[in-house]
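J.: 3D model of this:
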Amino acid sequence: MKISKKWLEQYMDLSDLSMNEIANRITDAGFEVEEVTPMSSATNLVIGQVETCQPHPDSDHLHITTVNVGDEVLNIVCGAPNVAAGQKVIVAKAGARLPGGEIKRGMIRNQESNGMICALFELGVDKHLLTQQQLDGIEILPEDAPIGNTDPLGYLGYDDVVLDVGLTPNRADCQAAFNMALETGAILDREVHLPEYEGAADAGSDTPTNLKVVSETEGCPHFYGKKIGSVVIKESPKWMKELLRASGMHSINNVVDISNIVMLETGQPMHFYDARAIHNDEITVKQGFNEGYTALDGEEYQLRENDLVITNQGKPIGIAGIMGGDDSKIEDDTTSLIIECASFDPICIRTTARRLSLSTESSIRYQKGIEPLAARKALDRAVDLLIEYADAKDIEKTVEFGSDQYSPTVITVDAERINKRLGTDFEVSEIVDIFDRLHFEPKEENGTITVTIPSYRPDMEGLADLSEEVIRIAGYDRLPSTLPLMEMTEGKLDEAQKMKRKVADILLENGLQDTVTYTLISDDKHQDAILSAGEAYVLSTPLSEERKIIRTSILPSLLETAAYNLSRNMKDAALFEISDLSSRNNPQRHLAIVMKGTLEHLRWAGYEKNADFYTLKGLIEEIIERLGINLNRISFKANQSDQEHFHPYRSAEIYMGKEKIGMMGEIHPTYGEKMKTGAVVMAELNLSTILKAKKSKIRFSPISRYPSVSRDLALVMKKDVPAGMITNIIFRSGKAGKENIVRDAEIFDVYSGEHVKEDEVSLAVNITFQSDSRTLSEADINEATDRILAEIEKKTKATLRG
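T.: Residues are numbered from 1 along each chain as shown. The predicted model follows:
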């Protein structure tokens, strides 16, 4: 927010304060003044008149001039191309200090020069405020400029200082100069006098109008319109041009300048249309356009269906809240106008402005938020200024669509609660005075204070907000130095954090690398979600299409990271990521793993562990077992649910009891080609379910002192019998007497071919028997083996191979 000292001085007396003092007080009250900038910076200046101007004999661009500065005539050599006799100009006399240095008398190519004829940018005026003509040469003053005037910058209105105030998000109201003036008055404890303009838009209330304003979208709930039948286009008054200049805006003409000055004063953008361009006096706000449109800046912008558009007879005449159209702008010959003053949805405005890369003074204000009564205030002020400075006549009745839906906020507090919250001892009278300075209309009765919040302060909601206002205006130095009372907490990880870290440690021990990928993903990656956590959140105003959805699955992002590394000649990949996933119905914590190539290898020993399906399955089983979950509760079933991302015959669903907790296996060739990873193995597990599962108690037992015995069995069975089912039966049924003596069961060969039917396989299993209480006899081994074979045959129809 930019506001100048001259602007503030319109509303209050600041004659005893410098701008730096004002800036410090405003900063102390919570508004950071980022910069204090003089509009110009030069000394020893005077207004002069060029009496003679001759070409320099030793130069092709310099001129020798004589300049009357009132009390003397100076010889000055000037290099400006536009200098000429008879001009009123700004002269920096010898000894003057300019931003570029000190001006001294001297000889320029053998010609005496006793000063400098100046351009405005040479006097510290911001180049962005100047026209190209002003940048190309010296400043030519009006014919009535007084010769000898020693304050030419004041004569031109550049004797001002501008404050650049950084506003916090909750104080968007101070985008309006009127509100910033009220805030400054409260901070400085000065009486503020704003212009009297309330009710000015009632002018013409007895004059019927054909103007119709309508909104066909929820993005515009409230809309004022007013027709002014007669206006005169002319130059704006000096004060208006100066205030616009201090805000970084150029003066156009009185009518356009009024629309801009009202926006700056009230914070409410508004638009003036040449009434000749509005057919049938009808304006409608719509959405649903998909076409190009030329705006006021002469550029063509592509409208989309969600953009709010101002229309006339179904055709766009402005991009709502951002910029008007080139075909309805105010011209030099405009004689009548239609005023549009509306409320627009800030999200719609922000989305359109960002997509079009069109940030305007209007769009910025809509995006940050505008008070509910600003539209009416702006309309009143605009009509007031148009009558005074544009000779507005033939004013018609105001028309309105919708309503502001405003009701004042009333809050009741007491001094004791405020002091208790702040740790202070303010008197009731002091608190009431602060609320009065803030225009909160305080009423005190028996220590209880009731305030009515102004419409421009929607950030005031309760005790905490009012307490902040009290200490902010009174001064933070009034806060006593006290130590906070805080509960002591033990610095340690909770159980979920411990288990998450344990999972990461297990994977790191096995040679995998911890990875962190983006939480925000594209729609394409979202469509490839694997073991999705649920319905995803979509950002309403994403920074880019690649970062618009909060992911519900990790694997698509992890596969992208793997592809990045593999494309850079990394032959092996072993990555994992643990991340919390957000969804509308069931936030979860997931674990994702991607592996390719060799997981471990020792070339000198000839040892190698390949990253394949079985290695991945073993890793998952190790994680689950080391977390204290009995592997008997875990089962791997053929993948029936996702054959788009996983290979249909080399993947599995992972269950804990009857609950699905993950997917694992080889990537589908088509998906692998799309992700540019080739054949990788991958998994995603719902770690939340695993971490919440009841863990088995750890029992310690001594190592058996008795020898173990190993037997091999070759079983013939149907191909559709899961191998895991065989090992489970072996572990459960290997008893000798009442003792289960099976210690291990390992499948070491699968054979199909000669001497085995086409729909069958031969499975070779090594079984280890051992007792904790005795040395096993041959009879014990045979008894357990017979039980195992009988149970396998009963449940799987498998037989011992002959």
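J.: CA atoms for contacts and neighbours, from now on please.
T.: Fine.
J.: Do a quick rundown of the helices in the stretch 601-750 of the chain.
T.: 613-626, 669-675, 687-692, 723-733 (DSSP state H, counting those that start in this stretch).
J.: quick check, distance from the helix or strand where Glu340 lies to the centre of its chain.
T.: Here Glu340 sits within strand 337-343, counting by DSSP states H and E. How far strand 337-343 lies from its chain's middle: 30 Å, per Cα atoms, centre = their mean, to the nearest Å.
J.: ok, now which ones touch Lys719?
T.: Remark: with contacts taken as Cα atoms under 8 Å, 6 or more residues apart in numbering, Lys719 is in contact with 759-761.
J.: thinking again about what came up before, could I get the helices of the stretch 601-750 of the chain as a markdown table with mean pLDDT, distance to Val709 and mean neighbour count?
T.: Output for the helices of the stretch 601-750 of the chain, formatted as a markdown table (pLDDT from 0 to 100; distance: least, Cα to Cα, whole Å; neighbours: other Cα atoms under 10 Å):
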| stretch | mean pLDDT | distance to Val709 | mean neighbour count |
| --- | --- | --- | --- |
| helix 613-626 | 93 | 25 | 16 |
| helix 669-675 | 94 | 44 | 15 |
| helix 687-692 | 90 | 36 | 18 |
| helix 723-733 | 88 | 15 | 17 |
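J.: Could you check these and tell me which one is nearest Met19?
T.: helix 687-692 (59.0 Å; Cα to Cα).
J.: who's in contact with that closest one?
T.: Outside helix 687-692, the residues within contact range by Cα under 8 Å, 6+ apart are 496, 499, 588-591, 624, 627, 661.
J.: can you rerun that using 6 Å?
T.: By Cα atoms under 6 Å, 6 or more residues apart in numbering, the surrounding residues in contact with helix 687-692 are 588-591.
J.: Tell me where the longest helix sits in this structure.
T.: The longest helix of the chain (DSSP state H) is helix 778-796.
J.: Please spell out which residues along that one are buried.
T.: Neighbour-count burial for helix 778-796, counted by 16 or more other Cα atoms under 10 Å, picks out 780-781, 784-789, 791-793, 796.
J.: what's the answer for stretch 755-766, then?
T.: 760-766.
J.: ok, now stretch 277-291?
T.: 277-278, 281-287, 289.
J.: could I get that stretch in CSV with only the CA atoms?
T.: The C-alpha trace of stretch 277-291 is given here as CSV (Å, rounded to 0.1, in the frame of the first residue of the first chain):
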residue,chain,number,x,y,z
ALA,A,277,-21.1,1.5,-26.1
ILE,A,278,-23.7,0.0,-23.8
HIS,A,279,-26.6,-1.0,-26.0
ASN,A,280,-30.1,-0.9,-24.4
ASP,A,281,-28.5,0.2,-21.1
GLU,A,282,-28.0,-3.4,-20.0
ILE,A,283,-25.1,-5.0,-18.2
THR,A,284,-24.9,-8.6,-17.1
VAL,A,285,-22.2,-10.6,-15.3
LYS,A,286,-21.8,-14.1,-16.8
GLN,A,287,-19.5,-17.1,-17.0
GLY,A,288,-19.1,-19.7,-19.7
PHE,A,289,-17.1,-17.8,-22.4
ASN,A,290,-14.4,-19.5,-24.4
GLU,A,291,-13.1,-16.8,-26.8
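J.: tally of neighbours for Asp28?
T.: Asp28 has 17 neighbours, counted by other Cα atoms under 10 Å.
J.: what's the helix or strand for Thr352?
T.: helix 346-356.
J.: Just the C-alpha atoms of that helix, please, in PDB.
T.: This file holds the C-alpha atoms of helix 346-356, laid out as PDB (Å, rounded to 0.1, in the frame of the first residue of the first chain):
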ATOM      1  CA  PRO A 346     -11.900 -13.300  -4.800                       C
ATOM      2  CA  ILE A 347     -11.000 -16.900  -5.800                       C
ATOM      3  CA  CYS A 348     -12.500 -16.400  -9.300                       C
ATOM      4  CA  ILE A 349     -10.600 -13.200  -9.700                       C
ATOM      5  CA  ARG A 350      -7.300 -14.700  -8.500                       C
ATOM      6  CA  THR A 351      -7.600 -17.700 -10.800                       C
ATOM      7  CA  THR A 352      -8.300 -15.600 -13.900                       C
ATOM      8  CA  ALA A 353      -5.600 -13.000 -13.100                       C
ATOM      9  CA  ARG A 354      -3.000 -15.600 -12.500                       C
ATOM     10  CA  ARG A 355      -3.900 -17.600 -15.700                       C
ATOM     11  CA  LEU A 356      -3.900 -14.400 -17.800                       C
END
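J.: what comes into contact with that helix?
T.: 307, 359, 366-367, 541.
J.: Just the buried ones among these, please.
T.: Looking at the contacts of helix 346-356 with 16+ other Cα under 10 Å, the buried ones turn out to be 307, 366-367.
J.: ok, back up a step: strands paired with the strand holding Glu340, and their directions?
T.: Take DSSP bridges as the rule and strand 337-343 pairs in its sheet with strand 222-230 (antiparallel), strand 271-274 (antiparallel).
J.: what's the first one in contact with?
T.: By Cα under 6 Å, 6+ apart, the surrounding residues in contact with strand 222-230 are 335-343, 392-396, 398-403.
J.: Next: stretch 509-522.
T.: With contact meaning Cα under 6 Å, 6+ apart, stretch 509-522 is reached by 545-551, 574-577.
J.: and if you look at stretch 777-796?
T.: By Cα under 6 Å, 6+ apart, stretch 777-796 touches 730, 733-736, 799.
J.: Stretch 82-96 too?
T.: By Cα under 6 Å, 6+ apart, stretch 82-96 touches 43-53, 102-105, 114-118, 137, 140-141.
J.: just the buried members of those residues?
T.: 43, 45-53, 103-104, 114-118, 137, 140-141.
J.: Redo the buried ones among the contacts of helix 346-356 as CSV? Include pLDDT, secondary structure and distance to Ile654.
T.: Shown next, in CSV, are these (pLDDT from 0 to 100; DSSP: H, G, I helix; E, B strand; the rest coil; distance: Cα to Cα, whole Å):
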residue, pLDDT, secondary structure, distance to Ile654
Asp307, 93, coil, 47
Tyr366, 93, helix, 52
Gln367, 92, helix, 48
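J.: from those, which is closest to Lys377?
T.: Closest to Lys377, out of all of these and judged by Cα to Cα, is Tyr366, at 15.7 Å.
J.: what angle sits between the longest helix of the chain and helix 723-733?
T.: 140 degrees (axes from the mean of the first three to the mean of the last three Cα atoms, to 10 degrees).
J.: Past helix 778-796, which element shows up next along the chain?
T.: strand 799-800.
J.: How about residues contacting that following strand?
T.: For strand 799-800, using Cα under 6 Å, 6+ apart, the contacting residues are 714-716, 793.
J.: one more time with 8 Å
T.: So strand 799-800 is contacted by 713-717, 789, 792-793 (Cα under 8 Å, 6+ apart).
J.: All good on my end, thank you.
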